[in-house]
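*Asks:* Need coordinates for the below:
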Amino acid sequence: MKMSPTHESKQARLQNSDRAEPVEIWKARKFIEEHSSEELSLTRVAQAVNISGNYLSEKFKDVTGVNFVEYIAQIRFEEACDFLENGDRRISEIAFAVGFQSLSQFNRTFKKLSGTSPTQYRHSLAKTRGRSGVDIKI
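*Replies:* I've put the predicted structure just below:
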């Protein structure tokens, strides 16, 4: 199982950049992180930072190394990991709370990024912490 990248805070991620990051891309990343639980589109983010969608799409990948959609998925995944590690909310509640539009989309994305399902991830956390008797909500 891959470990979640939740150890790096959102603030640190915004501050740590090996490349000179254009201010528009920094603003776009900040907007995405502040609004990640909402429905986000390239057009909405581009309008929020006052640039064209084409420019944002092209520059975003150049600067971050991932495309716009992958970045949003990563942010939502990290937030979901935080919920799974630090709470007892149902997995379906977590999926919608972090911005996924469906449970199946959440499960697919989670498995792609972590190598395991959200349920398996939560079970492995409980075992690691010695809480195998915990009532796990699904």
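*Asks:* CA atoms for contacts and neighbours, from now on please.
*Replies:* OK.
*Asks:* Give me the buried positions along the longest helix along the chain.
*Replies:* Longest helix of the chain, by residue count under DSSP state H: helix 68-85. Buried positions in helix 68-85, judged by neighbour count with 16 or more other C-alpha atoms under 10 Å: 68, 71-84.
*Asks:* Can you verify my assumption that residue 75 contacts residue 36?
*Replies:* Yes. If you go by C-alpha atoms under 8 Å, residue 75 and residue 36 touch, sitting 7.1 Å apart.
*Asks:* just how off-centre is the longest helix of the chain within its chain?
*Replies:* 2 Å (C-alpha atoms, centre = their mean, to the nearest Å).
*Asks:* mind checking the SS state of residue 109?
*Replies:* helix (DSSP: H, G, I helix; E, B strand; the rest coil).
*Asks:* okay but it is in contact with residue 72, surely?
*Replies:* No. Between residue 109 and residue 72 there is no contact under C-alpha under 8 Å: 10.8 Å.
*Asks:* In terms of helix, strand or coil, where does residue 51 fall?
*Replies:* Going by three-state DSSP: residue 51 is coil.
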